[in-house]
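Peer 1: need coordinates for the following:
(2 chains)
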Amino acid sequence: MQQLVNTALGGLTLGAVYAAFALALVLIFRSTRIVNFAQAPMAMVTTFIALTLIDAGYSYWIGFAAALLSGLVLGAVIERVIIRPVEDKPEINAVILTLGLFITLHALAAVIFGNRFRSFPAPFGLRGLEVGGTTIRLTTSGIFTIAAVATVMVLLLLLFRYTDVGLRMRASAYNPEVARLLGVRVGRMLTLGWALAAVVGSLSGLLIASGGLVHPGYMDSIVVYGFVAAVLGGLESPVGAVVGGLTLGLSLSFVSGYLGSELVALAALLILMLVLTLKPGGLFAVASARRV
Amino acid sequence: MSSTPSAEGGPVPALELSDVTVRFGGITALSEVGLAVRPGSVHGVIGPNGAGKTTLFNVACGFVTPDTGRIVREGTVLDKLAPHQLAGLSMARTLQGLGLFDRITVLDNVVVGADRHARSGFLGSLLALPRAGREEKALRERARAVLAELHIEQYADRYPTSLPYPVRKRVALARALAAEPTLLLLDEPASGLSSAEMDELGDLVTSLGSRMSVMLVEHHMDLVMRVCDEITVLDFGKVIAHGTPDEVRNDPAVLAAYLGDEVTH
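Peer 2: Coordinates of the predicted model:
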């Protein structure tokens, strides 16, 4: 029983991180049809910015805020400078540019921040909480992770559902031509989408790093899991991304806890194949033919 | 852009097209076409299939750049008109394919149309500053008022895909009207409507004519004759007649090219 609870709690924490990363991928994909492979190194860079500040003596929270803010700027700049020029070209052009960016950011980070493992502090304790006399596998940091992702999710939902900017972003995503006709500055909405995605990506980078080691390549495996989570959710729906992330986190945690941790990557692949075979549009597929 | 006085010295037209020629490859879709939409009037463009009506409409809203010719909006020459400029020029158009956002509610579809008046930036909206909140509320109220005017307010919270075609057409029209244009371009508004619905549409367009200028491209003769103040008739990309409905109806060239065509078929 205790193992079951622990495995589930561990999975939930892990799932929250995947969810954040998947959310970042979905925010860009739904409006541009681009899978942003550079999301991982972007988050890595912003996490290093946080680490640099923390190492210089600033508090964890200053570093945290700086990482999110630099994510906002980085996302906007990348959209404007690198993605915008190929906006009218086939999506594959932009996807390949994000791969190039992946390599470039890696190399730059290795030069600037050093190609070695550095430890990243955790905002809260890493000791399991005690419930009814037994220690469970939920740490304060874990609770923070889940709460942070939930907060971001709710904020995004409020933004998209209830604000004017959110409405314009959705309109631009669903039909940029018509949106433009109605006077929506579609280009601006795309920049904003990239900026928001990069903030969420940065958050996932910080959450994964906390209490662990960072390295220019520390986010790379997350791309795979985040992508699987996004596909699970259908690549279009922010809610789907979060549910996909949690589902994946739980599944992988159970595989790791009961079958063996060496099977985790294989299980992720299996889940990806099952979803693509049985429900290619994802668990939250909305039957639609948006683009031909 | 430069200002030009109206040639006749009369009221400045809401929209003036002059000497518009459009070629697609070797085909001349429009040849030296000119028309002027008088302010506050409903101006119809009719013609048999393939006469160039849609091309002319697309020139008027910037989807097609003419090879030669001038587009003048309220006395201002538009050197290069692009679709995204329409809203800023107080122009709105409907699309034949409607172009509604399927996964956005009817009300929000209309709010997007009304949006050009919104001024709050991203941060304002994000932080839900009072000003942004007030503006959004005003937008929503205006959108609701337009829906009510078109008698479709009961569908405000539905999604367009779940609605019958005539209602969706009204939503598209409501979205165009929400921008409070001074010139409304209607592309085949009667297509797919029953004759009763077409009558309602006719009344609606007539009432719109008192608030704004309307350019209407349509092949339903009855509707055009009933609602338009002035009509331009196209055939094979050329203007073959121009005038009031009565003048056009009795024009021999029109009878031969258009009505005659219908009679013989």
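
Peer 1: what's the weakest-modelled helix or strand in chain A?
Peer 2: strand A:128-131 (a mean of 70; mean pLDDT, DSSP states H and E).

Peer 1: pLDDT weak spots in the stretch 51-200 of chain B?
Peer 2: Low-confidence segments of the stretch 51-200 of chain B, defined by pLDDT under 70: B:115-133.

Peer 1: and the residue in it that chain A sits nearest to, how far from A:Ser237?
Peer 2: Ranking the residues of the stretch 51-200 of chain B by distance to chain A (C-beta to the nearest C-beta) places B:Ala87 first, at 2.7 Å. In this view, the C-beta of every residue, glycine as well, is placed from N, C-alpha and C. Separation of B:Ala87 from A:Ser237 (C-beta to C-beta, to the nearest Å): 29 Å.

Peer 1: and the residue of chain A that's closest to chain B?
Peer 2: For chain A, C-beta to the nearest C-beta, closest residue to chain B: A:Gly183, 2.7 Å.

Peer 1: any idea which element that residue lies in?
Peer 2: For A:Gly183, there is no helix or strand it lies in under DSSP states H and E.

Peer 1: check the one 5 residues further on too.
Peer 2: Here A:Arg188 sits within helix A:186-209, counting by DSSP H and E.

Peer 1: next one: A:Thr7
Peer 2: helix A:2-32.

Peer 1: with just CA atoms, put the next helix or strand after that helix into PDB.
Peer 2: Using DSSP H and E, the helix or strand that follows helix A:2-32 in sequence is helix A:39-55. Extracted in PDB, the C-alpha atoms of helix A:39-55 (Å, rounded to 0.1, in the frame of the first residue of the first chain):
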ATOM      1  CA  GLN A  39      12.400  24.400 -26.000                       C
ATOM      2  CA  ALA A  40      14.700  22.200 -24.000                       C
ATOM      3  CA  PRO A  41      17.900  24.200 -24.500                       C
ATOM      4  CA  MET A  42      15.900  27.400 -24.100                       C
ATOM      5  CA  ALA A  43      14.800  26.300 -20.700                       C
ATOM      6  CA  MET A  44      18.400  25.200 -19.900                       C
ATOM      7  CA  VAL A  45      19.700  28.600 -20.700                       C
ATOM      8  CA  THR A  46      17.200  30.400 -18.500                       C
ATOM      9  CA  THR A  47      17.900  27.900 -15.700                       C
ATOM     10  CA  PHE A  48      21.600  28.700 -16.000                       C
ATOM     11  CA  ILE A  49      20.700  32.400 -15.800                       C
ATOM     12  CA  ALA A  50      18.900  31.700 -12.500                       C
ATOM     13  CA  LEU A  51      21.900  29.600 -11.300                       C
ATOM     14  CA  THR A  52      24.300  32.400 -12.200                       C
ATOM     15  CA  LEU A  53      22.300  34.900 -10.100                       C
ATOM     16  CA  ILE A  54      21.900  32.500  -7.200                       C
ATOM     17  CA  ASP A  55      25.600  31.700  -7.200                       C
END
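
Peer 1: report the rounded mean pLDDT for helix A:39-55.
Peer 2: The average pLDDT within helix A:39-55 is 93.

Peer 1: which elements pack onto it?
Peer 2: Helix A:39-55 sits against helix A:2-32, helix A:60-78, helix A:91-113, helix A:186-209, strand A:213-214, helix A:220-232, with contacts defined as 3 or more C-beta pairs under 8 Å, 6 or more residues apart in numbering or on different chains; DSSP states H and E.

Peer 1: comparing the ones you listed, which comes out most buried?
Peer 2: helix A:186-209 (a mean of 26; mean count of other C-beta atoms under 10 Å in any protein chain shown).

Peer 1: just the angle for it relative to helix A:220-232, thanks.
Peer 2: 120 degrees (axes from the mean of the first three to the mean of the last three C-alpha atoms, to 10 degrees).

Peer 1: name the residues of the stretch 51-200 of chain A found near chain B, please.
Peer 2: For the stretch 51-200 of chain A, the contact set with chain B under C-beta under 8 Å from any C-beta of the partner chain comprises A:159, A:163-168, A:170-171, A:174-175, A:177-184, A:186, A:192.

Peer 1: mind redoing it with 7 Å?
Peer 2: A:159, A:163-165, A:167-168, A:170-171, A:174-175, A:178-184, A:192 (C-beta under 7 Å from any C-beta of the partner chain).
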